[in-house]
Every structure is written in C-alpha cells, then in structure tokens.
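A.B. asks: need a 3D model of the following:
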Amino acid sequence: MGDRWYQKAVVYCLDVDTFQDSDGDGVGDLRGLIGRLDYLARLGVTCLWLHPIHPTPGHDDGYDATDFYGVDPRIGTLGDFAELLHQAEDRGIRVIIDLVVNHTSDQHPWFQHARSSPDSPYRDWYVWSDTEPADRKQGMVFPGEQDETWSYDRTAKAWFYHRFYKFQPDLNFANPAVREEVKRIVAFWLRLGVSGFRIDALPFIAELTEPGNPDSPKDFGLITELRQHAQWRRGDAVLLAEANVEPEKLVDYFGSGGDANDRVQMLFDFMLNGRLVLALAREDPEQLIDALRDTPRLPSGGQWATFLRNHDEIDLSRLTAEQRAEVYAAFGPDENMRIYDRGIRRRLAPMLGNDRRRLELAYALQFSLRGTPVLRYGEEIGMGEDLALDGRFAIRTPMQWSTLPNAGFSTATPFRPVVSGGEFGYETVNVTAQRHDPASLLAWFERMIRTLREAPEVGAGSCTHVDVPVPAGVLAHRADGPTGCMLFVHNLGRKAATVDLGKLAAEADHPNDVLADQEYPEVGDLTSIKVAGYGYRWIRLNRAPAG
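C.D. replies: Below you'll find the predicted structure:
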C-alpha cells in the first residue's frame, strides 16, 4: 500500500490475553492469536494493534512494564512474537504494538536502582523532588482512583512524579539518556518486524515536568526525534498517538509547522469521537457537521484515526457539562456505567439497545468519515460488557468464539470471566453462530469492510459535508480523491427521510448504491434519495478513468 499504507488501513485492536488461549491456562496467548489470523484476514483487517505485550506485575493491565525488550511470559516468548509477525505478513496484515514509555512499573529495575541511592546512574531517569511539590494534588488522569501525582518514597527519601497511578513513576524525558533508551526500544521492535507503534499518552512524554509547576513546558523536538529515528530504521514505520488535547494544539503533534509532517503520522480523533457519540445520543448530526468544518488542516501525510469504542472509557471530557449529561442520559443512565466523572465504560451494542439498525448506522458512519477506522475486538459481533468488573475491565472480557465452555476462548477457567447469560452472553453472541448466518452483524462487517477497500477515496481523500437542506437527523457528506468520489447519506433519526442532492447531478457518472441498509429505488438524478429511519446509503458518485 506504499509508504502511506496507514491511510487505507483497517485497524483492529485487541488484548492478547483476552483473545484466544492455546495452552489451556486460562490466559490468551500469541499462539492463540496466530490461530485466529485467518478470521481477522476474512474480516478485512489490514493492521493489528496489540495492547501492551511486555512483562508486567499486572497492576494496570500491562501498562506497568518491567522490561520494554521482552514479552510477558503469560502470553508467550519473543520467538512466538516473531512467528506472529511472519504469519500476519503472509496474510497481508501488519502489526503495531503499544509504546508505553511515559512511565514504567515501580518494579522496573531502572526505578529500583534509581530509588536505592542519590548516586544511582538511573536516579535522573525519573522525576524527583526533595520537598513536597505544590502541585501534588493536580493533574490526575484517573480522578476518583488517584489521590495525587506526587508520592513520597521512603527508600529514596524524595518525592517522585507519576501522572498515572502511584506504581507507575514517570520517566524524565529531559534526560538525554532516557531519550536514547526509548529510541533503542523503538529500533529493537522495528528490527523484529513491527510496522509501528501506538504511543500512549504522548503529551505527557513531551512534557518536561517541573516540580510545583502544573503547566510544565513541552518539548515537541522529542517527537520529531522519535519520528526521524523510526523512519531511518524502517521507512514505512508509522507512529499512531494518543493526544487528547485542545483542538488548536493538535497540529503541533503532527508537524513542526507549515506542511511538514515530521512528527506523528496519526492521531486518534477524540474530538470527533465525542461529537459522534453525542450525535448518536441526540439522533442529530449537527455536532458532526461542526466537527467536519472545524477540523484543523493537517500537513500532507497526516491522518486521523477514528473510533467508536476503544480499550478505554468513552471519553466525554471535550463535551460541555450539558452535552455530557445528554450522553449519560441516553447511554449511561446508571452510575455504575460511568467512570472518572467523564466517561462511559460500556460497549456499543448495549449502549444502542442492541438495535441492529443503529449499530450498522453507527459503524457505517464511522467507517465513512475522514481518517483510518479502528475497530475494537468483539465489536464486529456485538459483544456486551460486564459491569460487575472494576473500571475499564468491564469492556475487556474474553472474546466470544462459540457456545463451547468459556466461549471457546479457553479450555480452562479464564483469568477474567466471560460474559455469560442474557442478551449478550456467549451462548447467544459468538463468532460461530454469526459465521453460519449470512444476515449476521459479523457478515455485515465483512461486506462493509470489503466495500470500504473498494473505495480508496474514503480515508485517504477529503471528507466534506454536503451543504444542502435535509430533513432532521440526516447527514450527507462526500469523500473525494484521485480515484473518484463517494457520496454518503446517513439518517441518525428514527423517521424515514427523502433528500434532494440534485446539485451534485452534474458530477454523477451512473451513480449507484454500493452499500445500504436495505434495497432502495435507483439513485437516478439524485433529487429523491430515500433513506429509512436509522438507515444509510453509500453511493458511488463517479470513478476516475483507469490509467
């Protein structure tokens, strides 16, 4: 797919330990994942994003690493990982992994050495203060679960900084030795064969923390260094980052200015995600239209990554208090469904009342918008959550493969319970049942992704709102690129509608539906486009001549 393969990718994210167990110990592993690659290839996945795979004490689901050069023994070995890369490549699937270097585990040898003596060569690898910092109670990522961002270490006789949990001390990126070590980590995994990294908490990596300063400066030069280093080692390596910051600051993570894309190639589009969820709650696309209009211009090569559900909560922090209340009322009415005073810890199927029409609409909309779509494991079959589990673990339950014991995930009792019983239990929602049903959600995802692959304008091209009078609830937008134009009509409302898009007739060349929620009359002259309640139509408007 060329150097910008990521612009036409379909990304599938998963936790290895909850996907497939191959050895009957109740924990998913790399060999189990290898055995499911054909499933992912059939689905249409072109890039696999693995959540943390490194050795860990397991206090934060792998985000507290003790060795950035190793693989957690629970899921396999480096040899197993190399075999995964080989088998995935044979199926045309790239692999990217989480790069979680904002912090380490407090059990990491670096931190243990650092706290042992002021003279330790690793002392300055972390952020310390000899006196209690004034901002000790500020900047917490997990309000309600964190009490502070500075903690006193009795062995070190000093305060250490941790943007996240106390057992995750932050690395000090003002130290050149830390920067060089992170570059070595990047080089190691690229040499092994990964196609890039999802960088966790990028704004905090760029932050040069100063004790007592809640607004410490940022060094974007570090991001530029990482990009240059990664591309020197592998020309098509991609950096996909998490940066949930103010809209006007987003472009700083893509490039140093002008049309330079010399930092990360991709950012998760948190602003679009929040507005998309709000639009679904209101059954009104107004917020999406604003998002398309307000999108900052990205440098050439810059790309958004779109998502409806990821591995964390649905983050509503960029919405107003009133908008957040609307989303809670629609999708998280019970307090137990919410988390951190800003988000929802549910999967999409139960949020939408397991309404097949709304599920298709939501994902058809996400996959047709600008950027590269990211799909969370299990969403393609409509999995539910387990709200009896703590925090984010509610949506991190084992994959539901079949009606066999433990959902076919493992022959042993899983380390985390499988969703069982009720509307979303594995007895009802599983891959095997949907594989035998041509009308299943899984079959629909396969068709939708195949259609997407036949429309390279989507993602790689422009995405603009078609500004014409439309009935309430309807969004019309288009994707344009060198290969032609796709036109999209999505009805977020429950009432059927008719849309007049005749103003585009002059551009049309035998327009036709390529994906729709049902059979509709022919597109014709575009003056009477009918769409059902919660319906959608993907229309090929024109195609550029071959050659």
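A.B. asks: longest helix of the chain, counting residues only.
C.D. replies: helix 176-192 (DSSP state H).
A.B. asks: for it, packing partners?
C.D. replies: helix 78-90, strand 94-99, helix 221-233 (3 or more C-beta pairs under 8 Å, 6 or more residues apart in numbering; DSSP states H and E). Where C-beta positions appear, they are placed from N, C-alpha and C, glycine not excepted.
A.B. asks: residue 371 is in contact with residue 295, correct?
C.D. replies: No - using C-beta atoms under 8 Å, residue 295 is not in contact with residue 371, being 9.7 Å away.
A.B. asks: what touches both of those two?
C.D. replies: Contact criterion C-beta atoms under 8 Å, 6 or more residues apart in numbering; residues shared by residue 295 and residue 371: 272, 304.
A.B. asks: give me the more crowded residue out of the two.
C.D. replies: Using other C-beta atoms under 10 Å as the criterion, residue 295 and residue 371 rank with residue 371 on top: 24 against 18.
A.B. asks: identify the bridge partners of the nearest residue to the more buried one once chain neighbours are set aside.
C.D. replies: Using C-beta to C-beta, 6 or more residues apart in numbering and skipping residues adjacent in sequence, the residue nearest residue 371 is residue 304, 3.3 Å away. Listed beta-bridge partners, residue 304: residue 267 (assigned using DSSP bridges).
A.B. asks: how about the contacts made by residue 304?
C.D. replies: Residue 304 neighbours (C-beta under 8 Å, 6+ apart): 266, 267, 268, 269, 272, 295, 298, 370, 371, 372.
A.B. asks: would you list the phi and psi of the fifth one?
C.D. replies: Reported as degrees, to the nearest 10, the phi and psi values for residue 272 are phi -70, psi -40.
A.B. asks: ok, it - contacts?
C.D. replies: Per C-beta under 8 Å, 6+ apart, neighbours of residue 272: 288, 291, 295, 304, 306, 369, 371.
A.B. asks: tell me where the stretch 251-400 of the chain has helices.
C.D. replies: 270-282, 286-294, 321-331, 348-351, 356-368 (DSSP state H, counting those that start in this stretch).
A.B. asks: so which of these comes closest to residue 437?
C.D. replies: Shortest separation from residue 437 across these is recorded for helix 356-368, at 12.0 Å, computed as C-beta to C-beta.
A.B. asks: most distant residue from the centre of the chain?
C.D. replies: No residue in the chain sits farther from the centre than residue 119, which is 40.8 Å out by C-alpha atoms, centre = their mean.
A.B. asks: any idea how far that residue is from residue 113?
C.D. replies: Distance, residue 119 to residue 113, using C-beta to C-beta, to the nearest Å: 11 Å.
A.B. asks: what's the answer for residue 395, then?
C.D. replies: With C-beta to C-beta as the criterion, residue 395 and residue 113 are 36 Å apart.
A.B. asks: next: residue 43.
C.D. replies: Distance of residue 43 to residue 113, given as C-beta to C-beta: 45 Å.
A.B. asks: show me the contacts for the residue nearest the centre of the chain.
C.D. replies: Nearest residue to the geometric centre of the chain (C-alpha atoms, centre = their mean): residue 310, 4.7 Å. By C-beta under 8 Å, 6+ apart, the residues touching residue 310 are 13, 268, 374, 376.
A.B. asks: please repeat the previous calculation with a cut-off of 6 Å.
C.D. replies: By C-beta atoms under 6 Å, 6 or more residues apart in numbering, the residues touching residue 310 are residue 376.
A.B. asks: residue 43 and residue 113: which has the busier surroundings?
C.D. replies: Using other C-beta under 10 Å, the more surrounded residue of residue 43 and residue 113 is residue 43, with 17 against 14.
A.B. asks: ok, and the closest non-adjacent residue to the more buried one?
C.D. replies: Setting aside the residues directly before and after it, residue 43 is nearest to residue 446 in space (C-beta to C-beta, 6+ apart), at 5.9 Å.
A.B. asks: quick check, that neighbour in a helix?
C.D. replies: Yes - per DSSP: H, G, I helix; E, B strand; the rest coil, residue 446 lies within a helix segment.
A.B. asks: check what pLDDT residue 129 gets.
C.D. replies: Here, the pLDDT recorded for residue 129 equals 96.
A.B. asks: typo on my end, it should be residue 292
C.D. replies: pLDDT, residue 292: 88.
A.B. asks: so residue 103 bridges to which residues?
C.D. replies: In this entry, residue 103 is beta-bridged to residue 170, by DSSP bridges.
A.B. asks: tell me the SS of residue 487?
C.D. replies: Per three-state DSSP, residue 487 ends up strand.
A.B. asks: give me the contact list for the helix or strand of the chain with the lowest mean pLDDT.
C.D. replies: Ranked by mean pLDDT, DSSP states H and E, the helix or strand of the chain with the weakest confidence is helix 457-460, at a mean of 89. Residues outside helix 457-460 that contact it (C-beta under 6 Å, 6+ apart): 7, 8, 372, 452, 479, 480, 481, 483, 486.
A.B. asks: can you tell me which of those are in strands?
C.D. replies: 372, 479, 480, 481, 486 (DSSP state E).
A.B. asks: among these, name the least confidently predicted one.
C.D. replies: residue 481 (93).
A.B. asks: burial of the closest residue to it other than its chain neighbours, as a residue count?
C.D. replies: Closest residue to residue 481 apart from its sequence neighbours, by C-beta to C-beta, 6+ apart: residue 461 at 2.9 Å. Residue 461: 20 surrounding residues under other C-beta under 10 Å.
A.B. asks: so residue 461 touches residue 478, yeah?
C.D. replies: No - counting by C-beta atoms under 6 Å, residue 461 stays clear of residue 478, with 9.1 Å between them.
A.B. asks: so, low pLDDT: which residues of the chain?
C.D. replies: 1-3, 546-547 (pLDDT under 70).
A.B. asks: ok so, going back, from the ones in strands among the contacts of helix 457-460, which two are the most distant?
C.D. replies: 372 and 480, at 17.1 Å, using C-beta to C-beta across the ones in strands among the contacts of helix 457-460.
A.B. asks: quick one: which of these two has more around it?
C.D. replies: residue 372 (28 against 18).
A.B. asks: bridged to that one, which residues?
C.D. replies: residue 305.
A.B. asks: so who does it touch?
C.D. replies: Residue 372 neighbours (C-beta under 6 Å, 6+ apart): 6, 9, 303, 305, 459.
A.B. asks: now do the residue nearest to residue 19 when sequence neighbours are not counted against residue 387, distance only.
C.D. replies: Using C-beta to C-beta, 6+ apart and skipping residues adjacent in sequence, the residue nearest residue 19 is residue 28, 4.6 Å away. Separation of residue 28 from residue 387 (C-beta to C-beta): 22 Å.
A.B. asks: which of these two has more neighbours?
C.D. replies: Legend: neighbour count by other C-beta under 10 Å for residue 28 and residue 387, higher for residue 28 (28 against 15).
A.B. asks: pretty sure the more buried one sits against residue 22.
C.D. replies: No - under the criterion of C-beta under 6 Å, residue 28 is not in contact with residue 22, lying 8.3 Å apart.
A.B. asks: hang on, the earlier thing: buried set for the longest helix of the chain?
C.D. replies: 178, 179, 181, 182, 183, 185, 186, 189, 190 (16 or more other C-beta atoms under 10 Å).
A.B. asks: after that helix, which helix or strand is next?
C.D. replies: Downstream of helix 176-192, the next assigned helix or strand under DSSP states H and E is strand 196-199.
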